[in-house]
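**Student:** heads up, no residue letters with this:
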């Protein structure tokens, strides 16, 4: 299986296991900058040079050797499951993608037809009932994860623990896992632990949000999207994420973690 979703700087200063919707664009650009002194011109997910990625065949043996020998500082980043699934809905389901089209071709028409989800469109200013549509999307996301129908679960809403576990199961060890909600502190921990060819002043790094501006703006506070049933579905899908990464399952309005991540617990439970 190897190390899917793993990126490594060309200098091998650091190794990162990507978790979609958890500041991955910004992290990737910081890694790129730390080697080259400039940012990748475009979406870092499209970069096919300047950064080792598991998706690039030539990078695979280099990543494998590094990770299994734990030669470099390895890390990942997590996010509150309530905020992450809501962000996935607005970006991937409602938003127009970089290529000017809807995400994954027939995905949006499928969930519109089968689940009654509305997504709006740019012509009408994305006017639709966001709360009702999001709750219906949650049913779809749960069905893909629980029963793998009407399609396989998508990486943007499959559980963080599933992404993070592949790295451990194949012989990797994390040195830190930090919170998107405490991004500067977490990323600074990484940068302070490694030597990079180009120094990185984190305060001067812009945030790269590639999904911004391509879809509707969230019209309500996050807690308004989750009623009792929605909270139950989110917990069913992301129980392990809430437990391992210490997020508040009782209050969708509290995006902050309730405690620190226990790395030993993460390695033990996700390495089984």
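**Tutor:** Cool, got the structure. Quick caveat: nothing in here was measured; it's all calculated off a predicted structure.
**Student:** ok, residue 115 - contacts?
**Tutor:** 136, 137, 139, 140 (Cβ atoms under 8 Å, 6 or more residues apart in numbering). In short, each C-beta sits where N, CA and C put it, glycine included.
**Student:** and for the third one, nearest residue in space, chain neighbours not counted?
**Tutor:** Nearest-residue entry for residue 139: residue 115, 6.0 Å, with adjacent residues in sequence omitted and distances by Cβ to Cβ, 6 or more residues apart in numbering.
**Student:** need the contacts of residue 115 in a markdown table with distance to residue 129, can you?
**Tutor:** Formatted as a markdown table, the contacts of residue 115 follow (distance: Cβ to Cβ, whole Å):
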| residue | distance to residue 129 |
| --- | --- |
| 136 | 10 |
| 137 | 12 |
| 139 | 15 |
| 140 | 16 |
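**Student:** among the residues you listed, which one lies nearest to residue 1?
**Tutor:** Distance to residue 1 across these (Cβ to Cβ) is lowest for residue 140, with 27.0 Å.
**Student:** wasn't the closest one part of a helix?
**Tutor:** Yes. Assigned with DSSP: H, G, I helix; E, B strand; the rest coil, residue 140 falls within a helix.
**Student:** how near is it to residue 92?
**Tutor:** 12 Å (Cβ to Cβ, to the nearest Å).
**Student:** low-confidence ranges, the stretch 151-272 of the chain, go.
**Tutor:** For the stretch 151-272 of the chain, applying pLDDT under 70 flags the ranges 210-213.
**Student:** can you show me the strands along it?
**Tutor:** Ranges of strands within the stretch 151-272 of the chain are 176-179, based on DSSP state E, counting those that start in this stretch.
**Student:** now the helices for the stretch 101-250 of the chain?
**Tutor:** Along the stretch 101-250 of the chain, counting by DSSP state H, counting those that start in this stretch, helices occupy 107-115, 130-147, 160-169, 183-192, 228-245.
**Student:** CSV for those helices, including distance to residue 7?
**Tutor:** Listed next are these as CSV, based on distance: least, Cβ to Cβ, whole Å:
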stretch, distance to residue 7
helix 107-115, 25
helix 130-147, 25
helix 160-169, 11
helix 183-192, 13
helix 228-245, 20
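**Student:** to residue 30, which of these lies closest?
**Tutor:** The minimum distance between residue 30 and these falls on helix 183-192, with 6.7 Å, by Cβ to Cβ.
**Student:** what's in contact with that closest one?
**Tutor:** With Cβ under 8 Å, 6+ apart, helix 183-192 has contacts from 14, 23, 26-27, 30, 34, 73, 75, 77, 176, 178-179, 200, 202-203.
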